[in-house]
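Undergrad: Quick one: sequence plus predicted model below, questions after.
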Amino acid sequence: MNRSLQNNIRTIYLLGFFLSFMVVVPVFVPLLQGFGLSMSEVMQTQALFALTIALFEVPSGYLADMWGRKRVILLGAAFNAVGFVSLLWADSFVDFLIYEFILGIGFSLVSGADLALLYDTEVYLAENDLPGGAGAGKSLSRLIAVEAAASGIAGITASILLLWSMDAVVWLQAFAGLGPLLLALFLVEVPRPPTMTSHGTNARHVAQLLLFGRPVVLWTAAAIAVFGLLAAYVFWVYQKYWEFQDIPVAMYGYIWAAFALTVSVAARYASALERLIGTRRLFVLIGVLPLLGMLGMALGAGWLGVVFGFALQVTRGISMSLFYEALNRRVPGDFRATVNSLVSLAVRGVFIITGPLLGIALDSYGVNATLLLLLVIFTPLIALVLVPLVRRIKREESAEQPQFAPAA
């Protein structure tokens, strides 16, 4: 059992790699446009993906807490495999909607459960003085770095495959989609005492934790939601932006790889950077970089505008690593997957409504105007979540400092 649990960490890293090795993503917009879809229709497919995740995200996270992480991950990996295979015959708007629906179910099942299982494994190894773990915080950062690296490798692979055809990209994606299903078979559930409380009681515990428990938990979740939503928007703006800047489609994968590598490095060294410059300065950096990135993209031309996109990727890597580690460290293991799913639901829920609006804005007003609009919207939102979060962290640290009585 102990040896299997130690292997859990490597298996989850590989699982994260294959889940993020999506060669179709760096060229997804040109792929759909090749079948006659507009940007509005492209964003509608993503809105359905977000809606599907919104419907299944929290139930799947709760199911992972109650039924077991491995079973839920295995089921989600099966849906992902079916979804990627369905991409082989997709050639219409309806076909791509079906693809996104199946994939949405799969990702909603895996999302939250993989982080929870990784964190549970690290905590169990540490509590039982067993070798094999790097620590919960480091493991989460490494997982984010591995996923970003996988995305980068997928980008390079996509550009190479485009030398042959777009069909080659789709076929490799269908084949690679089987990887998570095979890896999920080797996962091992971490021993946890069975819950004896009712579903209603569990729901109240989760609500109390988020709304009335430690304030840092709520504000950390809010920060993840805001920065996650910003990442989702620019994720779909990038390819249209590169088209606007007359960047050849064959370069998309290489740019995507460079972006992903930036996220990977930023996530990997986020904790070291925090120790070097301090939490407050790091939060200022996290808040300012994406705003400069969007402004630079909107005002820059050609490759200069592309370079400003790296600022957003640095922020994504640092914020994901720090915020998710801080959240999972403060959440009890019995509800870890549920809380992770709730945070993801907040992002998806907003994207359901605003995603198609983003597509309409891109079609109607252009890329630069859309970027400036995002800048106006997210400047106050970022300040709204980061300023209270810094204050709550400071109060929590002050409360945890040992109090010494004066000598008599």
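TA: Sure thing, it's come through. Residues are numbered from 1 along each chain as shown.

Undergrad: Tell me the pLDDT of H205.
TA: As predicted, H205 sits at a pLDDT of 50.

Undergrad: same question, S271
TA: You'll see S271 listed with a pLDDT of 79.

Undergrad: before we move on, what about Y119?
TA: On the pLDDT scale, Y119 gets 77.

Undergrad: can you pull out the helices in the stretch 101-250 of the chain?
TA: 113-127, 136-161, 166-176, 179-184, 199-207, 215-244 (DSSP state H, counting those that start in this stretch).

Undergrad: again with the stretch 251-400 of the chain
TA: Counting by DSSP H, counting those that start in this stretch, the stretch 251-400 of the chain has helices at residues 252-268, 270-277, 279-299, 303-330, 336-365, 367-400.

Undergrad: With mean neighbour count and distance to F244 as extra columns, can I get those in TSV?
TA: (Glycine included, C-beta is placed from N, CA and C.) Formatted as TSV, the helices of the stretch 251-400 of the chain follow (neighbours: other CB atoms under 10 Å; distance: least, CB to CB, whole Å):
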stretch	mean neighbour count	distance to F244
helix 252-268	22	13
helix 270-277	14	31
helix 279-299	18	10
helix 303-330	22	9
helix 336-365	21	9
helix 367-400	16	5
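
Undergrad: looking at those helices, which has the lowest confidence?
TA: Of all the helices of the stretch 251-400 of the chain, helix 336-365 carries the lowest average pLDDT, namely a mean of 73.

Undergrad: Could you report the neighbour count for S86?
TA: Number of residues near S86 (other CB atoms under 10 Å) recorded here: 19.

Undergrad: and it, what pLDDT?
TA: The confidence metric pLDDT takes the value 90 at S86.

Undergrad: Show residues contacting the helix or strand harbouring it.
TA: Element membership for S86, per DSSP states H and E: helix 69-86. Helix 69-86 is contacted from outside by 15, 19, 60, 63-64, 95, 98-99, 102-103, 105-111, 113-114, 116-117, 120, 173-174, 176-178, 180-181, 183-185, 187-190, 337, using CB atoms under 8 Å, 6 or more residues apart in numbering.

Undergrad: Buried residues, that helix. List them.
TA: Residues of helix 69-86 classed as buried: 69-86 (neighbour count, 16 or more other CB atoms under 10 Å).

Undergrad: just to revisit the earlier point, quick one: which of the helices of the stretch 251-400 of the chain is nearest A158?
TA: Minimum separation from A158 across the helices of the stretch 251-400 of the chain (CB to CB) falls at helix 252-268, 3.9 Å.

Undergrad: Name the nearest residue to G300, sequence neighbours excluded.
TA: F308 (5.5 Å; CB to CB, 6 or more residues apart in numbering).

Undergrad: Now do the one you found against M39, distance only.
TA: Distance of F308 to M39, given as CB to CB, to the nearest Å: 21 Å.

Undergrad: Many thanks, we can stop here.
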